[in-house]
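*Asks:* here are the coordinates; sequence isn't available:
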């Protein structure tokens, strides 16, 4: 048996679509950290969903906490703006699961419903299914992941559709949020300077827009490339300010 875990905060836009795809799993754990929209009301409509609430601890710690609520040993973790396709779900449910394996899936990215395969949003593979006694998440506040040492990664056919952003406001808000988490996580661990932040921004924009073919996706490709570049700039500017304040 497999338990599904989802972290939420103001996730009403895609949550119903996400949970609809997961009706075949007997347990879905939703761990919420302060939603003020209809997220909790939507989650509680599903008989296989169990809702827990907790203040935000950082993504790694929140994911480990969500696993602690699961009754099953096998854990499938999904984001609230992701939708698993039927082929992937069928293949997951037909697996002969091995505790020494981690299972990885293809993920496709969308902006406002439009498929984007460029600007740093190329198709990627994400490791999402694991045995809770074999591994756990690291404690990173952002860009958390599973510890993979001693485990074999196995690819499973099927797709996770990731509807990450609908508007420029959402892109900017997430960029601001994640850049702050990065700065907090790396305070006193990394040195930086405003000049470094500037060159990070410049390099990332042209990397995403030209080399990673953001220009093929119209205004969406330009917007994503620009916000990715600004995210790099503010990560290092915020880190610089935090490090400077500690010195004064």
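*Replies:* Yep, it's here. None of these values were measured; they are calculated from a predicted model. Numbers count the residues shown, from 1 in each chain.
*Asks:* what's the average pLDDT for the host helix or strand of residue 245?
*Replies:* Under the criterion of DSSP states H and E, residue 245 resides in helix 218-247. Mean per-residue pLDDT for helix 218-247: 92.
*Asks:* Flag every buried residue along that helix.
*Replies:* For helix 218-247, the neighbour count (16 or more other C-beta atoms under 10 Å) marks 220-240, 242-243 as buried. C-beta here means a position set from N, CA and C on the backbone, and glycine is covered the same way.
*Asks:* by contact count, what packs against it?
*Replies:* strand 101-111, strand 114-116, helix 168-186, helix 194-206 (3 or more C-beta pairs under 8 Å, 6 or more residues apart in numbering; DSSP states H and E).
*Asks:* The same query, at a cut-off of 10 Å, please.
*Replies:* Counting contacts by 3 or more C-beta pairs under 10 Å, 6 or more residues apart in numbering; DSSP states H and E, helix 218-247 packs against strand 101-111, strand 114-116, strand 152-165, helix 168-186, helix 194-206.
*Asks:* So for stretch 74-89, first residue to last residue, what's the gap.
*Replies:* 14 Å (C-alpha to C-alpha, to the nearest Å).
*Asks:* List the buried residues for it?
*Replies:* For stretch 74-89, the neighbour count (16+ other C-beta under 10 Å) marks 74-85, 88-89 as buried.
*Asks:* I'd say residue 122 and residue 213 touch.
*Replies:* Yes. Under the criterion of C-beta atoms under 10 Å, residue 122 makes contact with residue 213 at 8.5 Å.
*Asks:* the more surrounded of the two?
*Replies:* residue 213 (16 against 12; other C-beta atoms under 10 Å).
*Asks:* so that one sits right up against residue 221, yeah?
*Replies:* Yes. Using C-beta under 10 Å, residue 213 is in contact with residue 221, at 7.6 Å.
*Asks:* which residues do the two both contact?
*Replies:* 118-120 (C-beta atoms under 10 Å, 6 or more residues apart in numbering).
*Asks:* Any chance of JSON lines for the residues you listed, columns neighbour count and pLDDT?
*Replies:* Output for those, formatted as JSON lines (neighbours: other C-beta atoms under 10 Å; pLDDT from 0 to 100):
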{"residue": "118", "neighbour count": "20", "pLDDT": "94"}
{"residue": "119", "neighbour count": "28", "pLDDT": "94"}
{"residue": "120", "neighbour count": "22", "pLDDT": "90"}
